[in-house]
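In: Sequence and predicted structure are below.
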Amino acid sequence: MKDLEKNWGLLIKRLEKQFDYDITLKGVLYLIGLQELNMPEKIFSKEEKVDVLHIATCKILSSFGYYKFSGVDEDGWPHYEEVKALKNLSEIDQEKLIKEGIIKYIS
């Protein structure tokens, strides 16, 4: 747990330096979602921004066996299927798992 928070703090500092503004967990997820989506010129609606966060969450948690990539639709959006229920974890445990996954993804 202590290593996770230390590594998370270092990652956030690095990203804040790179982007020159405060970065939150959602901000990191959004960046990952944009990278996975690979549509740099697209302007997203509010609903699509939520979908971008979902893509990142699925990508991150797929390395822990919670989601499995199922393909890309005709518009270029990746889709995942749930393999095991995330709701079985507390919100705190979900956040820890996501942070751990982000650190693995970015490292």
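Out: Yes, it's here.
In: Low-confidence ranges, the protein, go.
Out: In the predicted model of the chain, residues 1 satisfy pLDDT under 70.
In: Residue most distant from the centroid, it?
Out: No residue in the chain has its C-alpha farther from the mean C-alpha position than Glu74, which lies at 22.3 Å (C-alpha atoms, centre = their mean).
In: can you give me phi and psi for that one?
Out: Dihedral pair for Glu74: phi -70, psi -20, per degrees, to the nearest 10.
In: repeat for Tyr80
Out: When read as degrees, to the nearest 10, the backbone of Tyr80 gives phi -130, psi 150.
In: which one is it nearest to, not counting chain neighbours?
Out: Cys58 (3.7 Å; C-beta to C-beta, 6 or more residues apart in numbering). Where C-beta positions appear, they are placed from N, C-alpha and C, glycine not excepted.
In: what does Leu15 give?
Out: Distances taken as C-beta to C-beta, 6+ apart put Ile23 closest to Leu15, at 4.6 Å, once the chain neighbours are dropped.
In: where's that neighbour relative to Glu91, distance?
Out: Counting by C-beta to C-beta, to the nearest Å, the gap from Ile23 to Glu91 is 20 Å.
In: okay, those two: which has more neighbours?
Out: A side-by-side neighbour count of Ile23 and Glu91, using other C-beta atoms under 10 Å, places Ile23 first with 18 against 8.
In: Tell me the secondary structure at the more buried one.
Out: The three-state label given to Ile23 by DSSP: H, G, I helix; E, B strand; the rest coil is coil.
In: dump the residue contacts of it.
Out: Counting by C-beta atoms under 8 Å, 6 or more residues apart in numbering, Ile23 touches Ile12, Leu15, Glu16.
In: thought the last one was touching Gly27?
Out: No. Using C-beta atoms under 8 Å, Glu16 is not in contact with Gly27; the gap is 9.5 Å.
In: neighbour count winner among these two?
Out: Neighbours per residue, other C-beta under 10 Å: of Glu16 and Gly27, the larger number sits with Gly27, 16 against 13.
In: residues in contact with that one?
Out: Contact analysis of Gly27 by C-beta under 8 Å, 6+ apart lists Leu15.
In: which SS state does it fall under?
Out: Strictly by three-state DSSP, Gly27 counts as helix.
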